[in-house]
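Engineer: Quick one, fold the following:
(4 chains)
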There are 2 protein chains.
Amino acid sequence: MSAGAGKQALDQQAFINAALSVISDVGVEKISMRRVAAVLSVSPMAVYKHFSSKEELLTAALDEFISRSDVFPDASLPWEQWMEHVVRAMYAALASEISWVPVLGSLRLGENVTVVIDAFIEKLTGAGFTPEQSLQAFFSVIQLVIGAVCMKSSLQGALTPEGDAQVSPLTRAYLENPSARRLEIAPLFNTVVQAAPLDHSLPLLIEGLRSRLT
Amino acid sequence: MSAGAGKQALDQQAFINAALSVISDVGVEKISMRRVAAVLSVSPMAVYKHFSSKEELLTAALDEFISRSDVFPDASLPWEQWMEHVVRAMYAALASEISWVPVLGSLRLGENVTVVIDAFIEKLTGAGFTPEQSLQAFFSVIQLVIGAVCMKSSLQGALTPEGDAQVSPLTRAYLENPSARRLEIAPLFNTVVQAAPLDHSLPLLIEGLRSRLT
DNA sequence: ACCTGAACACCGTTCAAGT
DNA sequence: ACCTGAACACCGTTCAAGT
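Structural biologist: Down below sits the predicted model:
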């Protein structure tokens, strides 16, 4: 917009993009105002012209991340399949940028979440649920996604290196004080822990919802 | 143990207790090695004789927190009620020390979680579920608790001051771009958001489980 | 308006040293 | 063995100043 001075003023979006690129490089836990500024070759203090704190920048970055995740399937699917797709897409998005997980509980949810809510209510009311049931279903489902992704990140020990016997830390803790019962359970334990967390909880929830409908 | 030199050597437990007291004073997000050391009137570096990093100290502190939470009700309750009690007790414990929530996804689960698992499997297999179903039910339930407590902490804007109209930040975001649909939903919105998150999701899950049993 | 530089009050962690 | 002191390489944020 300005004259050809080479460097036009940066806007909020530029800092949000920079923040997301830092996050995908080093993770949310290592992002810093200095790093974000460095991506834009700008002084660390420039960020404060656009966001009043690190938390505000992260809140905006999370909202942008959500809007880029694009979770909606074909609208013509029956509600059970539509919901399963949306939930799995949310889970996949968060699992692909797992470092968001620890801060999910401390950041405000923003504008783009409301778009997802609208779609959810539209679909479920169309299927015969009341608006209230639909809204409650949405929050139940979000709970499951967040919980699942927390489980995933806390059950597998942060970085599982390549080879290794692939025994999760919790499985190891479980077998440190063995008992008759534990030895009986142990074979199940590792497979259940390693399974995709949504595979059991999501069908349970959908079944619960279906039983409300009829 | 040593002579009456006034100050016997500190053990791991002393540092864990100090960490928990710092957490209950200032929250997990503000704990630091220096603060923990200060509680014990000791050099910050003393902590490293017992824990090799801050993360290890936090992992031990979380495990201790879990063991103190004491979630088990009367064993004679039918499984649905037993489970509802355990889940609500877990939720209440985490809600009372809400600052744990953000780190739940990044800390390893420790020994004391395995005790809870054992009790869960015992109860559910006694009610007719297979060991595998019981274990999966446990993880589904943990997902719900973690998700619910994340929702709670991220839906209410960190600190809701006393009076105020009590409109959650998400509700406000929802009404910033109103539409016919949104105005219709709005009255529900705030009440659903403010409700205890488990009140809807937990019955759904239990209903789903019950339908598996028969 | 937007950005910079220096400074303040903190961090986690290492290392050599004390008793 | 257990703890200390000083130091290193970082943080978020404030403030006065530059253009």
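
Engineer: How about the contacts made by the residue nearest to residue A:116 when sequence neighbours are not counted?
Structural biologist: Once flanking residues are discounted, residue A:116 sits nearest to residue A:71: 6.9 Å by Cβ to Cβ, 6 or more residues apart in numbering or on different chains. Just so you know, the C-beta spots here come from the backbone N, C-alpha and C atoms, and that holds for glycine as well. The neighbourhood of residue A:71, defined by Cβ atoms under 8 Å, 6 or more residues apart in numbering or on different chains, consists of A:85, A:86, A:89, A:90, A:93, A:116.

Engineer: which stretches of chain A form helices?
Structural biologist: A:12-26, A:33-39, A:54-69, A:79-96, A:101-104, A:111-126, A:131-155, A:169-176, A:180-194, A:198-213 (DSSP state H).

Engineer: Go through the contacts of residue A:71 and say which is closest to DNA strand C.
Structural biologist: Nearest to DNA strand C among the contacts of residue A:71, counting by Cβ to the nearest atom of the strand, is residue A:93 at 29.2 Å.

Engineer: So what's the residue count around that closest one?
Structural biologist: Applying other Cβ atoms under 10 Å in any protein chain shown, we find 18 residues neighbouring residue A:93.

Engineer: Against residue B:37, how distant is it?
Structural biologist: To residue B:37, residue A:93 is 40 Å away according to Cβ to Cβ, to the nearest Å.

Engineer: Quick check: closest non-adjacent residue to the residue nearest to the spatial centre of chain A.
Structural biologist: In chain A, the C-alpha closest to the average C-alpha coordinate belongs to residue A:94, at a distance of 3.1 Å (Cα atoms, centre = their mean). Closest residue to residue A:94 apart from its sequence neighbours, by Cβ to Cβ, 6+ apart: residue A:149 at 4.5 Å.

Engineer: Does the one you found touch residue A:96 like I think?
Structural biologist: No - counting by Cβ atoms under 8 Å, residue A:149 does not reach residue A:96; the two are 10.3 Å apart.

Engineer: Would you format the helices of chain A as JSON lines with distance to residue B:58 and mean pLDDT included?
Structural biologist: Converted to JSON lines, the helices of chain A look like this (distance: least, Cβ to Cβ, whole Å; pLDDT from 0 to 100):
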{"stretch": "helix A:12-26", "distance to residue B:58": "21", "mean pLDDT": "96"}
{"stretch": "helix A:33-39", "distance to residue B:58": "24", "mean pLDDT": "97"}
{"stretch": "helix A:54-69", "distance to residue B:58": "21", "mean pLDDT": "95"}
{"stretch": "helix A:79-96", "distance to residue B:58": "22", "mean pLDDT": "95"}
{"stretch": "helix A:101-104", "distance to residue B:58": "12", "mean pLDDT": "86"}
{"stretch": "helix A:111-126", "distance to residue B:58": "29", "mean pLDDT": "93"}
{"stretch": "helix A:131-155", "distance to residue B:58": "12", "mean pLDDT": "90"}
{"stretch": "helix A:169-176", "distance to residue B:58": "15", "mean pLDDT": "83"}
{"stretch": "helix A:180-194", "distance to residue B:58": "21", "mean pLDDT": "85"}
{"stretch": "helix A:198-213", "distance to residue B:58": "27", "mean pLDDT": "92"}
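
Engineer: Quick check: residues of chain A near DNA strand D?
Structural biologist: Selection of chain A residues close to DNA strand D by Cβ under 7 Å from any atom of the strand yields A:31, A:32, A:33, A:34, A:35, A:44, A:45, A:48, A:52, A:53, A:54, A:55.

Engineer: can you do 6 Å?
Structural biologist: When proximity is defined as Cβ under 6 Å from any atom of the strand, chain A approaches DNA strand D at A:32, A:33, A:34, A:35, A:44, A:45, A:48, A:53, A:54.

Engineer: So what's the residue count around the last one?
Structural biologist: Residue A:54 is surrounded by 15 other residues when neighbours are defined as other Cβ under 10 Å.

Engineer: so who does the residue lying closest to it once chain neighbours are set aside touch?
Structural biologist: Nearest residue to residue A:54 in three dimensions, chain neighbours excluded: residue A:33, at 5.9 Å (Cβ to Cβ, 6+ apart). For residue A:33, the contacting residues are A:44, A:47, A:48, A:54, A:57, by Cβ under 8 Å, 6+ apart.

Engineer: show me the contacts for the residue nearest to residue A:94.
Structural biologist: By Cβ under 8 Å, 6+ apart, the neighbours of residue A:149 are A:91, A:94, A:95, A:98, A:101, A:104, A:197, B:105.

Engineer: Could you tell me which of the residues you listed count as buried?
Structural biologist: Among those, those classed as buried by 16 or more other Cβ atoms under 10 Å in any protein chain shown are A:91, A:94, A:95, A:98, A:101, A:104, A:197, B:105.

Engineer: what's the neighbour count on the nearest residue to residue A:35 once chain neighbours are set aside?
Structural biologist: Among residues not flanking residue A:35 along the chain, residue A:22 sits closest, at 5.1 Å (Cβ to Cβ, 6+ apart). Neighbourhood size, residue A:22 [other Cβ under 10 Å]: 20.

Engineer: Just confirm residue A:22 contacts residue A:37, I think it does.
Structural biologist: No - the criterion here is Cβ under 8 Å, and residue A:22 misses it with residue A:37 at 9.9 Å.

Engineer: what are the phi and psi angles of the residue lying closest to residue A:99 once chain neighbours are set aside?
Structural biologist: Among residues not flanking residue A:99 along the chain, residue A:27 sits closest, at 3.6 Å (Cβ to Cβ, 6+ apart). Note on residue A:27: backbone dihedrals following degrees, to the nearest 10 are phi 90, psi 150.

Engineer: Next: residue A:177.
Structural biologist: Dihedral angles for residue A:177 - degrees, to the nearest 10 - are phi -120, psi 80.

Engineer: ok, so what distance separates it from DNA strand C?
Structural biologist: Residue A:177 is 28 Å from DNA strand C, where distance means Cβ to the nearest atom of the strand, to the nearest Å.

Engineer: Burial check on that residue, number of neighbours?
Structural biologist: 11.

Engineer: what about it, distance to residue B:167?
Structural biologist: In terms of Cβ to Cβ, residue A:177 sits 49 Å off from residue B:167.

Engineer: again, but for residue A:127
Structural biologist: 29 Å.

Engineer: quick one, phi/psi of the residue of chain A found nearest DNA strand D?
Structural biologist: Sorted by distance to DNA strand D under Cβ to the nearest atom of the strand, the residues of chain A start with residue A:32, at 3.2 Å. Phi and psi for residue A:32, reported as degrees, to the nearest 10, are phi -150, psi 160.

Engineer: Check the one 10 residues further on too.
Structural biologist: Listed backbone geometry of residue A:42 is phi -140, psi 160, with angles given as degrees, to the nearest 10.
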